[in-house]
Every structure is written in structure tokens, then in C-alpha cells.
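Asks: here's my sequence, what's the structure:
(one chain, ligands or ions: 1)
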Amino acid sequence: MPEAKGSEVDLLGPLVDGLAESVIVRDLGGRILLWNKASEALYGFARDAILGRPFHDCLEGSHPSALVRLERHLLEQGHWEGELKRSTASGEERLVEVRWTLLRGPDGQPVSIIEYGRDITRLSDIEVESRLQAHRYRNLFQAMAASFWELDFSRVRKMLGQLVHAGVEDFRAYFEAHPEFIDAAVAETRVVDVNDKTVMLFGANSREDLIGGTVSAFWPPESRHIYAESLLASVNRLPALSRETRLSTLDGRMLDALFTVCWPSGHHGRGTVLVGVIDLSDRVAAEQEVRASELRYRNLFQAMSTALFQIDTTRQRQLFAQLATRGVEDIAAHLESDPGFLNAYLDAMSVGEVNEAAVRIMGAKDRRELIGQPVSRFWPPSSLPVVRRSLVSSFRQHVTFEQETVNYRLDGTEINTLFTVNASPELRERNMVLVGLTDITERVAAQKALRQLQSEFAHASRLSMLGELTASIAHEVNQPLAAISTNGAAGARWLSRPQPDLDEVRTIHANMVSDAKRAADIIARIRAMASNKAAERQRLPPNQVVEEAVRFLHHELMAHEVDLHLALTGGLPDIEADRVQLQQTIVNLALNAMQEMKRAHCPRPRLGLSTLADNGELRFAIEDSGPGIPPEHHDRLFESFFTTKESGLGMGLSICRNIIEAHGGRIWAENIPSGGARFLFTLPFAR
Ligand code: ADP
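Replies: Next up is the predicted model:
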């Protein structure tokens, strides 16, 4: 048997040497009987060295027990194939794809095993990689947020081929003339596979609903020209085509979609194409929303009674960017050092869109007269400080800015305006800001009239206050006058002496001059109080104002035996105020206090006046030892016409409040826990 086997093998020898595959024959005991050239190349063992040696020992790689199992299988089945790890002569590992076949003798008994082997060490890398790719692709295919379709296009390809045969050259024209061809093609485009997203997006229950069917249901008639385009792209061998279109879903919806078909390179000859569908419904809806909101904005813009100007800020932003690159951070300081920047800033802006109200306010014939105008022509020099402040606000990226100002109309006349700027991030992004101008000429006039009225009231109230003080004033003026007349008489007597004492006369004379001056001062103060001069703000030391007011009250305090306490903090900053109005306020508060103390028959009337700096502003307080303020009156004290006095007007405190608030301060009243009332007001210090 071995011989027969040997001769068989000998015959095989030259034959198998010509093969690229490794061919090895071993007997059932594992001894190597045949070893061809390709085996030498694959395993590195020379034929002479390996013939007759135990096969498994030489090529050991796979686990021996595994090999026993495989050989058993071979003996049972006559054949086995698979992949085995083998070691080469130099100890390297090889992955070999092997096929084993049992060779039988003439009696049908197995005698030897022939093995064909192919080195797939390198090949397997590629295969593994491609398997991995396929896996990745599947995962991707499933996981993509987009809907993916693998379509069998082969029948459509045939249809296109028939057209070529029939001599069609201009496919576009043909498709246009034969929509039925497109319909037929759609009906022949078959679904090979889809991902889960497709199932969801197209309203199917499962992938099986779609696989195997055609795409007809998804292409509504109005979108089929897009399908035709994808055919053209295929004919023209474009690698891919993307179009926005509308597709139908199985549950009867329409889908705004980005349709992408791609013929992966090398696929042109084959029948499948890959289609991606991205749902644009959200985007389309969002776009519609944006369009709608723009429309709303436009409508609002036009309908607003406020004049609105869209200002193009492209160049203005460039200016700011230049400042930024130069490292400018403190814009206010920069404006000090480069006053020209303000004009450059104004020149960099022009009017974009305007509304009807803007046309009206600016006295333009129509919108075109305003659009494109440089912003600078609306700003009189006197209003430039407002521009300056708005520049600073804009540089600091503030969203809004608002100030009352004066603007030029187109014809150069002035108009009182409330100037507002809206620079929301959304607007900024579009390189624009929205400027609103409200015509406040009437409001300004009304405010002026109100101020006039208030000052007239204040005047009337001062006169009535002076009226209350008449007795005191008469006394105050009378005193120096009486002294003058006494001194005059005394002087005359000194002069009529035989030896006139001139020194004495000189002294008396000096006294008379100073008394006359005192009287004149009192008269001047009263005249100032009584006059109806327009309010005039000036820097004043607060304590001085208080002291002068006290002088008014001098006689009144003495007459009522009021104990006066002054607690005036030294070194207070100036305030900016109208002297007369402020004195009026203090005198008014003091008179009220004295009246209340008298009414309540206060045994030891006491009045305390104090000034101090509190929280960066002046705080004035006047305290009395009267009955205090009944809680039910507290909220009404400063109302006009609120009075508890029989002959009272109830205007005093309301005028005090007007005066203090017009000066930027606050006024309020409180009770002193130990008894009496305290009235307080604040005023900002002058800057
Ligand atoms: P009139 O003095 O004409 O009453 P005012 O506006 O000056 O008007 O004062 C309104 C009211 O406030 C007074 O009638 C009085 O009831 C109350 N009032 C004012 N000052 C004091 C005070 N120091 N203590 C208690 N009540 C006061």
C-alpha cells in the first residue's frame, strides 16, 4: 500500500510543482509524502528536508487537539476545509486557507490526505478590514439621523440602455417630453434596504414594509422632475446629486426633504444606488417662521407711531474694530484725546429703512428722501453730547440707550425728541441698530408750562409765607430803622453841643451805616423771596443756604421762644440749586413745625436743623417737638390741598416736594419715637 501510494505521489510531483497553491500529501500517520514548490515558498522548509517527517510537528500552529478533531471529521466526511494557523521554518506565523481531501486506494480505503493551502495571512487583513467596513457601514446606515435607502437601479439602467439603443441623445428633452418614462422608471426602482430612520420618517411600520417594493409611493407627481434629474446625473456619470424636494410618506404626509443620490465610485456599472433623505420640515418651518416674524417686524416697524430708523452699522463696527485692534478700552478717554472720532462715528452711519412715522416727523415727502441720508445731518451741534453718550453706550455693547434731545428735521428746523437706540444682539448680528425718535415737542412744551405753573405756585406760596411772616419782617426791618433814628437823634445832640464830640459822632455814624445795611439786607432778602424770577441753578454751599433761611425765621423763633439747634456738618460739597426755592422749602418746613408746636401748646418748643452727607448725597433734616404726624395723615401730607389747619391752603408741602424733586432729590416725613415730627430731604451734590 505504501508503495502504491508512493508511486501515485511520484506521479503527482512534477504536476503539482507548477501550481501556485501549496500541495502537501501526508499519510494517515502524518508523515509527509509530497511537498511542492509552493509549499517550500509558503513554509520555508526545503522538500528534501521535510519529506518523511511528521507533518503536524513541523507546521505546528493550531492546537493539536483541534487538529485531531478536524482529522476525525475528514475521515468521516472525506473532506474538510477551513483556516489554520501554521508556523514557518523561521517561526513566523501564517494563516492558511486549507482544503483537505482523503485519497483512497483501489479498495476504497483511505490511504493519504492531500492538502491544498493558500496563504491568506495578508489577504485576511484586507478581508477583515472589509468585513469591518461593512459592519461600520451597516452601523452608520442604521444610526444616521438621515434616512438612507439602498435602491436597485438595474432595471432602470436597462431602460436607459434601451433609450440609447433607440438613438436618444438629448435625455433631458426626452424626459421632459415623456413623463411616462419617468413614471415607469420610478416604478422600476426597487428598495433593497432602508435604515430605521427611513421607517420612521416615511411612516412605515417596519423595514419589511419598504424592502422589495418600488419607490413610486414616495415620489409625488410634482417632485418627479427631481427624480428625472437624478436619472440625468446617472447618465452623465456624476458621482452624486443633491436637491431639495418634497416626498410623500406612507401615512399621507408631505415631507420637505434634501434628497441626495450617490453612485459610489465603481458603482456606475452596477445596479444599486445609495439615497439619503434629510428631513427639512423643521428647517422649512423655521424659515417660514423667520419669514413670518420678519413680516411681523416689518408690519410693526411700519405701524409704530414712533419714528423708526434702521441704521446700517457696518462701517461703524469697522471703526470700533479698529479701536479694538489699537487696544482702546476706555472709550470715554479716547473721545477726550481724539475729538474727531465722534464725527467719524457719525459719518460712518446712514439711514437704512424708515417707517411712515419717521417720514412724518422728519418732514420728508416720502421714505426715499430719508433712506441713505447720513445720520450726521439730523444732529445739531448742541446735541452732540447725546451722540457722544450713545457712542459710549454702543461701544460698551449696551442693548438700549435713551435720552431726550433735540434733532434737526430735513428742513433744518429743530424738534424735541426722545431718542432711543435698540442694539439687541440679533440686530447687531445683522449689522444694524434700530433708532426710535418720538416727537416730544408737545411734551416738552407741556413740561415747560407745568414748570411755569409750579414756579408760579411756588411764588404765590412764598408771598403767602411772607404774609405769615409780615409781623416778624416788620419787626426785623423796624429794629435797625429804630436804631438809626435813635442814633440820628443822638448824633444831632452831640453835634449841637458847644464842643461837638466828633469821635462820638463818628461812632454813631458808623453804627447807623451798619444798621442801614442790615435793614437793606433784610429788604433784599424779602424782595428776592417775593420776586418772581425764573429759577436759577447755581453752586451753593448747603450750610449757607440753611443759615440764610434761619435768618428769615430769626424773629419768629424768638417770638415763640423756640429753642433752635443747628447741627450743620462742616466741609460738605456744594449742591447745585436755586437759592430762593431751597430757602423757601426750609422756611416752609420750619414754619409748619412752629405752627404745630404752637397748636399743641408745646411747653418747650424745640427745632433742630441738621445737614450731613449720606450715601453720596446731601441729607437735610428738620425736627420739632410737636405732636407728630397722625398715621392716617402720613401718606397724604404732600398731596396738594391736604391741610388740617382752618385757614390752611394745603399747598406748602406739595410745593416743597415739587422743588426738591425738580432738584433731583426726595422728601419724606417720619415721626420721632421720642415725640415730634421729622421732615427730611436729600439733594445730589454738584459734580
Ligand atoms: P398747610 O400748612 O397749608 O396746612 P402744608 O402742605 O404745609 O399745608 O401742610 C399740610 C399738613 O401737614 C398740615 O396741615 C399739617 O397737618 C401737616 N404737617 C405739616 N408739618 C407738620 C409737622 N411738623 N408736624 C405735624 N404735622 C405737620
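
Asks: now Ala233: closest residue in space that isn't a chain neighbour?
Replies: Closest residue in space to Ala233, ignoring its immediate chain neighbours: Leu241 at 4.0 Å, by Cβ to Cβ, 6 or more residues apart in numbering. For the C-beta atoms, the positions are set from N, CA and C on the backbone; glycine is no exception.

Asks: how much space between that neighbour and Ala228?
Replies: Using Cβ to Cβ, to the nearest Å, we find Leu241 at a distance of 11 Å from Ala228.

Asks: one step back: what secondary structure does the residue nearest to Ala233 sit in?
Replies: Judged by DSSP: H, G, I helix; E, B strand; the rest coil, the three-state class of Leu241 is strand.

Asks: who's in contact with it?
Replies: By Cβ atoms under 8 Å, 6 or more residues apart in numbering, Leu241 lies in contact with 229-230, 233, 260-262.

Asks: among those, which ones are in strands?
Replies: Of those, the ones assigned to strands by DSSP state E are 260-262.

Asks: and those residues, which is closest to the ligand?
Replies: Nearest to the ligand among the ones in strands among the contacts of Leu241, counting by Cβ to the nearest ligand atom, is Thr260 at 82.0 Å.

Asks: in the sheet, who's paired with the closest one?
Replies: Per DSSP bridges, the residues bridged to Thr260 are Ser242, Gly276.

Asks: give me the neighbour count for it.
Replies: 17 (other Cβ atoms under 10 Å).

Asks: ok, longest strand in this protein?
Replies: Assigned via DSSP E, the chain shows its longest strand as strand 93-104.

Asks: follow-up on the earlier one: dump the contacts of Leu241 to TSV, plus distance to Asp347.
Replies: Converted to TSV, these look like this (distance: Cβ to Cβ, whole Å):
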residue	distance to Asp347
Glu229	51
Ser230	54
Ala233	52
Thr260	49
Val261	54
Cys262	53
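
Asks: just give me the closest of those residues to Ile660.
Replies: Using Cβ to Cβ, Thr260 comes nearest to Ile660 of the contacts of Leu241, at 73.8 Å.

Asks: and the closest one, what pLDDT?
Replies: You'll see Thr260 listed with a pLDDT of 81.

Asks: same question, the one 5 residues further on
Replies: pLDDT recorded at Ser265 is 54.

Asks: likewise Leu201?
Replies: For Leu201, the pLDDT comes out at 88.

Asks: hmm, Ile278 and it touching each other?
Replies: No: counting by Cβ atoms under 8 Å, Leu201 stays clear of Ile278, with 9.3 Å between them.

Asks: on that earlier part again, which of the contacts of Leu241 sits closest to Leu557?
Replies: Closest to Leu557 out of the contacts of Leu241 is Thr260 (96.1 Å), distances taken as Cβ to Cβ.

Asks: who are the contact partners of the closest one?
Replies: By Cβ under 8 Å, 6+ apart, the residues touching Thr260 are 240-242, 275-278.

Asks: if you set the cut-off to 10 Å instead, what comes out?
Replies: Shown in contact with Thr260 (Cβ atoms under 10 Å, 6 or more residues apart in numbering): 146, 148, 230, 240-243, 274-278.

Asks: and what of Ser472?
Replies: 466, 552-559 are the contacts of Ser472 under Cβ under 10 Å, 6+ apart.

Asks: so which of these wins on neighbours?
Replies: When neighbours are counted by other Cβ under 10 Å, Phe552 leads those with 25 neighbours.

Asks: quick check: closest non-adjacent residue to the spatially most central residue of the chain.
Replies: The geometric centre of the chain, computed from its C-alpha atoms, lies nearest to Pro425 (Cα atoms, centre = their mean), at 5.1 Å. Spatially, and ignoring its direct neighbours in sequence, Pro425 is nearest to Val399 (7.6 Å; Cβ to Cβ, 6+ apart).

Asks: against Arg619, how distant is that neighbour?
Replies: Val399 is 34 Å from Arg619, by Cβ to Cβ.

Asks: what of Ile672?
Replies: The value you get for Ile672 to Arg619, if Cβ to Cβ is used, is 16 Å.

Asks: swap in Asn431?
Replies: Counting by Cβ to Cβ, the gap from Asn431 to Arg619 is 48 Å.

Asks: then Ala46?
Replies: Separation of Ala46 from Arg619 (Cβ to Cβ): 114 Å.

Asks: ok, those two, which is more surrounded?
Replies: Comparing Ala46 with Arg619 by other Cβ under 10 Å, the one with more neighbours is Arg619, at 19 against 11.

Asks: any idea which residue of the protein lies closest to the ligand?
Replies: Closest residue of the chain to the ligand, Cβ to the nearest ligand atom: Gly652 (2.5 Å).

Asks: residues contacting the spatially closest residue to that residue that is not a sequence neighbour?
Replies: Leaving aside its sequence neighbours, Gly652 sits nearest to Asn588 (Cβ to Cβ, 6+ apart; 4.9 Å). The contact partners of Asn588, by Cβ under 10 Å, 6+ apart, come to 458, 461-462, 465, 468, 549, 651-653, 655-656, 659, 679.

Asks: give me the buried subset of these.
Replies: Of the members of the contacts of Asn588, the ones counted as buried by neighbours, 16 or more other Cβ atoms under 10 Å, are 458, 461-462, 465, 549, 651-653, 655-656, 659, 679.

Asks: endpoints of stretch 214-225, how far apart?
Replies: One end of stretch 214-225 sits 17 Å from the other (Cα to Cα, to the nearest Å).

Asks: off-centre distance for that stretch?
Replies: In terms of Cα atoms, centre = their mean, to the nearest Å, the centre of stretch 214-225 is found 43 Å from the chain centre.

Asks: same check, this time on stretch 368-383
Replies: Per Cα atoms, centre = their mean, the displacement of stretch 368-383 from the mean C-alpha position of its chain is 29 Å.

Asks: what do you get for stretch 232-245?
Replies: So, by Cα atoms, centre = their mean, the centroid of stretch 232-245 is 41 Å from its chain's centroid.

Asks: ok now do the nearest residue to Phe153 once chain neighbours are set aside, which residues does it touch?
Replies: Counting by Cβ to Cβ, 6+ apart, the nearest residue to Phe153 once its immediate chain neighbours are dropped is Val273, at 4.9 Å. Contacts for Val273 were tallied using Cβ under 10 Å, 6+ apart; they are 149-153, 156-157, 189, 192, 230, 234, 240, 261-264, 267.

Asks: could you do Trp379 as well?
Replies: Counting by Cβ under 10 Å, 6+ apart, Trp379 has contacts 342, 346, 386-387, 405-408, 419.

Asks: again with His634
Replies: By Cβ under 10 Å, 6+ apart, the contact list for His634 reads 628, 668-671, 677.

Asks: give me the ChimeraX select line for those, limited to the buried ones.
Replies: Of those, the buried ones can be selected in ChimeraX as follows, counting by 16+ other Cβ under 10 Å:
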select :628,669,677
